[in-house]
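**Q** how does the following fold in three dimensions:
(chains A and B)
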Number of protein chains: 2
Amino acid sequence: MNVLIVHAHPESGSFTTAMRDAAAQTLLEAGHDVRISDLYEMHFNPIASADDFLERANDEYLVYALEQRHADANGLLASDIKAELDKVVWADLIIFSFPIYWFSMPGIMKGWVDRVFVSGRCYGGMRFYDRGGMKGKKALVALTLGGQPHMFEADGIHGPLTDMLRHLLRGTLGYLGFDVLQPFVGWHVPYISEDARSAVLDNYRARLLALDSEQPMDFPSLNDFDQFLRPKVHQSA
Amino acid sequence: MNVLIVHAHPESGSFTTAMRDAAAQTLLEAGHDVRISDLYEMHFNPIASADDFLERANDEYLVYALEQRHADANGLLASDIKAELDKVVWADLIIFSFPIYWFSMPGIMKGWVDRVFVSGRCYGGMRFYDRGGMKGKKALVALTLGGQPHMFEADGIHGPLTDMLRHLLRGTLGYLGFDVLQPFVGWHVPYISEDARSAVLDNYRARLLALDSEQPMDFPSLNDFDQFLRPKVHQSA
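**A** Coordinates of the predicted model:
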């Protein structure tokens, strides 16, 4: 497999970074190819703007998604976007490695998503969910957080973590057509012992070596919707 | 009321910007004070990093939330964060004005959330949800998107929009203690007529003049959880 790890943490000595390195080493030792985009180290620009296009289809009025399509089709994407998009195309598995900030990715990684998953190539028109441009690739969100599992049970104070991450797991990665694996979560990280941290890394390594046996998350199929994206069969309430 | 509009759109002539201006004008004419943070115009830096603190409590290892607390308590926040935090403290209502990108905010606004809602002042320890630091303030998400309402019905292809926005409405604004109003949504914006756009602006203006009569969204109360954040009463399944 070709594996891209997209990583964002403002502290290079963080446990999240240790998870990233454990993943890279484990996957390399298993014979996979691994590339890492360390967004802080790269000083990645997370601001989607008109500067993302060497030339524009419409200089008067910016419709970002339309300019993405035009620029991708005509070799006019900014070089930093092009470099990341090439890695995305190359990858069979993309791991998103980050500390949870406000039940989502840090801003620098959100901007990577905004800029790199370009309309046209990665999704567009009726090409989303099970017809998305990333079909055939896997995605794994590997995150750390301060909370504990009981806070994310059905009756927990926050409810299920996968519900909090719906915009990312379903609305972004599922929408793009990835086979989205269940997130790998480093729970309660700031408060746990070195032994507990080692156990998290061991669990992560073991999981990475058995990804092939995992069933991806379940998202809608466009086959169940008509050309106006209305359900083909209306179920009674 | 003091109203802060936090706005992010890469096209200054966008309909989202027209919504922002309609909101500002309507609220000013109704006698409120209005300030606007136009993140693209400000070239706002969305990357949470060690540079956000003039001095650090721990120079060896960055724990971002702990440095936020230390810096805020000691007047050591970077000036751009301090300026935004002062506006947040001043505001009775914050409107988040943006085009939906991947069922969330554009990266530049996500970074504003990461950097400006500082730990300690805005939340922390047991100060979240109905004990959050923003208690007594209202928050309104006012967004535009390309989709149509039927795609976000219970049996629609994406499911309810408020479920997709749970990380923001509940996990961010609700967590901070805001009274979170139902989002105002400009549907199908790239595809609708000028008349339909005018109708959206009229509906938005009317809604802004009647916010006081709205019931905020319902989120958990910490009164229902113990000191370990376990539910006080376990319900049978």
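**Q** pull the contacting residues for A:Phe98.
**A** Residues near A:Phe98 by CB atoms under 8 Å, 6 or more residues apart in numbering or on different chains: A:7-9, A:16, A:105-106, A:109, A:143-144. In this view, the C-beta of every residue, glycine as well, is placed from N, C-alpha and C.
**Q** return the subset of these lying in helices.
**A** A:16, A:109 (DSSP state H).
**Q** show me where pLDDT drops low in chain A?
**A** A:234-237 (pLDDT under 70).
**Q** any idea how far A:Asp155 is from chain B?
**A** Using CB to the nearest CB, to the nearest Å, A:Asp155 is found at 5 Å from chain B.
**Q** my guess is that residue contacts B:Lys232. True?
**A** No: applying CB atoms under 8 Å as the test, A:Asp155 and B:Lys232 come out as separate, 10.7 Å apart.
**Q** for A:Asp80, pull up the helix or strand it's in.
**A** Applying DSSP states H and E as the criterion places A:Asp80 in helix A:79-90.
**Q** what ranges do the helices span in chain A?
**A** Using DSSP H, helices in chain A cover A:15-29, A:64-73, A:79-90, A:107-116, A:161-164, A:166-168, A:194-208.
**Q** right, so of those, which gets closest to B:Val88?
**A** Nearest to B:Val88 among the helices of chain A is helix A:107-116 (16.7 Å), distances taken as CB to CB.
**Q** contacting residues around that closest one?
**A** Here helix A:107-116 makes contact (CB under 8 Å, 6+ apart) with A:6, A:8, A:37, A:39-40, A:44-48, A:52, A:81, A:84-85, A:88, A:96, A:98, A:101, A:104-105, A:172, B:46-48, B:101-102, B:104-108, B:110-115.
**Q** could you tell me which residues within that helix count as buried?
**A** Residues A:107-116 are the ones in helix A:107-116 that count as buried (16 or more other CB atoms under 10 Å in any protein chain shown).
**Q** likewise for stretch A:145-165?
**A** A:145, A:147, A:151-152, A:156-159, A:161-165.
**Q** which parts of chain A are strands?
**A** For chain A, the strands defined by DSSP state E occupy A:2-7, A:33-38, A:93-99, A:138-144, A:179-180, A:184-186.
**Q** which strands or helices does the second one pack on?
**A** When contacts are defined as 3 or more CB pairs under 8 Å, 6 or more residues apart in numbering or on different chains; DSSP states H and E, strand A:33-38 packs onto strand A:2-7, helix A:15-29, helix A:79-90.
**Q** distance to B:Asn223 for the buried residues of helix A:107-116 - can I get that in a markdown table?
**A** Shown next, in a markdown table, are the buried residues of helix A:107-116 (distance: CB to CB, whole Å):
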| residue | distance to B:Asn223 |
| --- | --- |
| A:Gly107 | 33 |
| A:Ile108 | 37 |
| A:Met109 | 35 |
| A:Lys110 | 33 |
| A:Gly111 | 38 |
| A:Trp112 | 40 |
| A:Val113 | 37 |
| A:Asp114 | 39 |
| A:Arg115 | 43 |
| A:Val116 | 44 |
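**Q** want to throw the helices of chain A into a markdown table with distance to B:Phe184?
**A** Listed next are those as a markdown table, based on distance: least, CB to CB, whole Å:
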| stretch | distance to B:Phe184 |
| --- | --- |
| helix A:15-29 | 36 |
| helix A:64-73 | 21 |
| helix A:79-90 | 31 |
| helix A:107-116 | 22 |
| helix A:161-164 | 22 |
| helix A:166-168 | 18 |
| helix A:194-208 | 41 |
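**Q** go through the ones you listed and name the closest to B:Ala210.
**A** helix A:166-168 (28.8 Å).
**Q** so what secondary structure elements neighbour the closest one?
**A** Counting by 3+ CB pairs under 8 Å, 6+ apart, the packing neighbours recorded for helix A:166-168 are helix B:161-164, helix B:166-168.
**Q** check the offset of that helix from the chain's centre.
**A** The chain centroid and the centroid of helix A:166-168 are separated by 10 Å under CA atoms, centre = their mean, to the nearest Å.
**Q** list the contacts for the residue nearest the centre of chain A?
**A** In chain A, the residue lying closest to the centroid (CA atoms, centre = their mean) is A:Phe96, at 4.9 Å. Contacts for A:Phe96 (CB under 8 Å, 6+ apart) come out as A:6, A:105, A:109, A:139-143.
**Q** what do you get if the cut-off is 10 Å, keeping everything else the same?
**A** Counting by CB atoms under 10 Å, 6 or more residues apart in numbering or on different chains, A:Phe96 makes contact with A:4-8, A:105, A:109, A:112-113, A:139-143, A:168, A:172-173, A:183.
**Q** stretch A:169-177 vs chain B: in contact?
**A** Yes: judged by CB under 10 Å from any CB of the partner chain, stretch A:169-177 and chain B are in contact via A:170-173, A:175-176.
**Q** sorry, back to before: of the helices of chain A, which is nearest A:Asp224?
**A** Taking CB to CB, helix A:166-168 is the member of the helices of chain A nearest to A:Asp224, at 18.7 Å.
**Q** what does the closest one contact?
**A** Here helix A:166-168 makes contact (CB under 10 Å, 6+ apart) with A:96, A:103-105, A:109-110, A:113, A:139, A:141, A:143, A:160, A:162, A:172, A:174-175, A:180, A:183, B:100, B:102-105, B:158-159, B:163-168, B:171.
**Q** and if you look at stretch A:185-192?
**A** A:14-16, A:18-19, A:99-100, A:141-152, A:161, A:165, A:196-197, A:199-201, A:203-204, B:63, B:65-66.
**Q** buried residues in it?
**A** Neighbour counts using 16+ other CB under 10 Å place A:185-189 of stretch A:185-192 among the buried residues.
**Q** from the chain's centre, how far out does that stretch sit?
**A** For stretch A:185-192, the distance to the chain centre is 21 Å (CA atoms, centre = their mean).
**Q** which ones are touching A:Phe228?
**A** Per CB under 10 Å, 6+ apart, neighbours of A:Phe228: B:148, B:150-151.
**Q** also within reach of chain A: list those from those.
**A** Checking the contacts of A:Phe228 against chain A (CB under 10 Å from any CB), the matches are B:148, B:150-151.
**Q** closest to B:Met134 out of those?
**A** The nearest one, if we look at the ones next to chain A among the contacts of A:Phe228 relative to B:Met134 and count by CB to CB, is B:Met151, at 31.2 Å.
**Q** make sure that closest one is actually in contact with A:Leu229.
**A** Yes: assessed by CB atoms under 10 Å, B:Met151 is found in contact with A:Leu229 at 5.4 Å.
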